[in-house]
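A.B. asks: Dropping the sequence and predicted coords here.
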Amino acid sequence: MHVDKKYNRPSYVQGLLTHRCSRCRKGGMFQVNNSCNLKKFMKMNDKCPVCNQIFELEVGFYYGTAYVSYALTVALSVTSFVAWWVLIGMSVNDNRFFWWLGFNIILLIVLQPYLMRLSRAIWLSFFVRYNTNWEAEKPEDPEIDEIKVND
């Protein structure tokens, strides 16, 4: 039985959540898989170990991840607020809001390393699309393409 490659492509969301290359969705973006290793959790590979896609497309490429990280943090805070409101409730008569605020601060601090890595994976996926024929085609080199445009 022949399985068509078109239907066998890795999931976009699973690739983001596991910090995989957005071009092939197989190679890892980071040198260490564990985001709890605080000394090395942001060390990225220069290229994808599977398809050789360059991860830093230009100098300062990942400065834009601050916006993605901010959006993720706001979404997580709103989600935890709604969950707190539904499960525990909010009241002006006691300190439940301040308990949620403390819970949210701890939650964001604990999840911050993972959110930073996730924001880099999302940011890269905005600029590098999945290529179904990644095995046969070489990845684009942004520096060479820039030289061709300027000449």
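C.D. replies: Great, that's in hand.
A.B. asks: From now on I want contacts and neighbour counts done on CA atoms only, so please keep to that.
C.D. replies: OK.
A.B. asks: quick one, longest helix in the chain?
C.D. replies: Secondary structure of the chain per DSSP state H: the longest helix is helix 96-127.
A.B. asks: name the helices or strands packed onto it?
C.D. replies: Other elements packing on helix 96-127 under the criterion 3 or more C-alpha pairs under 8 Å, 6 or more residues apart in numbering; DSSP states H and E are helix 12-17, helix 65-87.
A.B. asks: how far away is residue 124 from residue 77?
C.D. replies: 24 Å (C-alpha to C-alpha, to the nearest Å).
A.B. asks: The two - which one has more neighbours?
C.D. replies: Legend: neighbour count by other C-alpha atoms under 10 Å for residue 124 and residue 77, higher for residue 124 (23 against 18).
A.B. asks: could you list every residue that touches the more buried one?
C.D. replies: Counting by C-alpha atoms under 8 Å, 6 or more residues apart in numbering, residue 124 makes contact with 22, 55.
A.B. asks: Enumerate every residue touching the residue nearest the centre of the chain.
C.D. replies: In the chain, the residue lying closest to the centroid (C-alpha atoms, centre = their mean) is residue 118, at 2.4 Å. Neighbour list for residue 118: 16, 17, 19 [criterion: C-alpha under 8 Å, 6+ apart].
A.B. asks: By mean pLDDT, which helix or strand of this protein comes out lowest?
C.D. replies: When each helix and strand of the chain is scored by mean pLDDT, DSSP states H and E, helix 142-150 comes last, with a mean of 54.
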